[in-house]
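Visitor: Just to be clear, the model below is a prediction. Sequence and coordinates:
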Amino acid sequence: MPTVRDQAVCVRHWDWSETSQTVSLFTREHGLIRGIAKGARREKAPFSGGLELLTRGEIVAIVKPSGALATITAWDLRESFPALRSSRPSFNAGMYLADLVCHTITDEDPHPALFDALLASLRAVGVSPPEATLRFQWATLVETGYKPALAHPGGGRAGAVYSFSPRAGGLVALGEGEGDNTHSAPVWRVRAPTVDLLRRLDSGEPIGDDAASIDRANRLLASYLREILGRDLPTARWVLGDRRGDDGRSPTPPRTSRE
């Protein structure tokens, strides 16, 4: 059975017994590893006092080819991201990021760039939880192959309202598919400033500090991720709120939206 040593962020943990924990660790070179840290809570165990949620450390693990839980033999704490515990918005954002990791990638499927994006967002979440959330949502879509297409089929113009189809994976011609705005095939109206912000994010340009546009972009990407996953992530409501749209329905995440 191979033994691996890697950087990891703890994205889930449960008490297994008085002294042991079951954990999900997002590692840089080996993807998600789920395992048992036997004796992690013992005073002299090689686990830096136990594995805590949303901390980064270096792990040693014995990975079993059968797909059974790995055995985590050591954890050396390297970073605790104290800003996550400094405010409720920061902590809630961190929990949403962990939720995204657990639901969008498969076990032992490495995504080094997504791991690096997670670290960057966890370090930035104390400064701006909305921007840190937006950047990680975008990185998740890029790394999982669902980056939305932002080139407008009809050319677009300043002040335009775009149509976004999660089934098509991005912008569609204005009005296209709006007659089929059903549970299975939603088409959303998206404001031009929201699209412009996402284009800047994609190109690596500064996205600015327009809080309203960042909020709308976050809700759009959360809605898109919901359609991809086919389920709600409970933590999304903590981060994105429970606002009601023009139709009186909650858009977090919506089936239809006007981002």
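Guide: Sure, I can see it.

Visitor: how about the strands in the stretch 151-259 of the chain?
Guide: When assigned using DSSP state E, counting those that start in this stretch, the strands of the stretch 151-259 of the chain occupy the ranges 161-165, 170-172, 188-191.

Visitor: Select, out of these, the one closest to Arg28.
Guide: strand 170-172 (29.1 Å; C-beta to C-beta). Any C-beta I mention is one placed from the backbone N, CA and C, and that applies to glycine too.

Visitor: For that closest one, give the mean pLDDT please.
Guide: Along strand 170-172, the predicted confidence averages to a pLDDT of 93.

Visitor: by contact count, what packs against it?
Guide: Strand 170-172 makes packing contacts with strand 161-165 when contacts are defined by 3 or more C-beta pairs under 8 Å, 6 or more residues apart in numbering; DSSP states H and E.

Visitor: The same query, at a cut-off of 10 Å, please.
Guide: Helices and strands touching strand 170-172, by 3 or more C-beta pairs under 10 Å, 6 or more residues apart in numbering; DSSP states H and E, are strand 161-165, helix 192-203.

Visitor: Now do the shortest one and helix 192-203, the angle between them.
Guide: Looking back up the chat, that one is strand 161-165. Using axes from the mean of the first three to the mean of the last three C-alpha atoms, to 10 degrees, the interaxial angle of strand 161-165 with respect to helix 192-203 works out to 60 degrees.

Visitor: dump the residue contacts of the residue nearest to Met95 when sequence neighbours are not counted.
Guide: Once flanking residues are discounted, Met95 sits nearest to Thr235: 4.7 Å by C-beta to C-beta, 6 or more residues apart in numbering. The contact partners of Thr235, by C-beta atoms under 10 Å, 6 or more residues apart in numbering, come to Asn92, Ala93, Gly94, Met95, Tyr96, Leu97, Ala98, Asp99, Leu100.

Visitor: Turn those residues into TSV, including neighbour count and pLDDT.
Guide: Output for the contacts of Thr235, formatted as TSV (neighbours: other C-beta atoms under 10 Å; pLDDT from 0 to 100):
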residue	neighbour count	pLDDT
Asn92	20	94
Ala93	29	95
Gly94	28	96
Met95	19	95
Tyr96	25	97
Leu97	29	97
Ala98	21	96
Asp99	18	96
Leu100	27	97
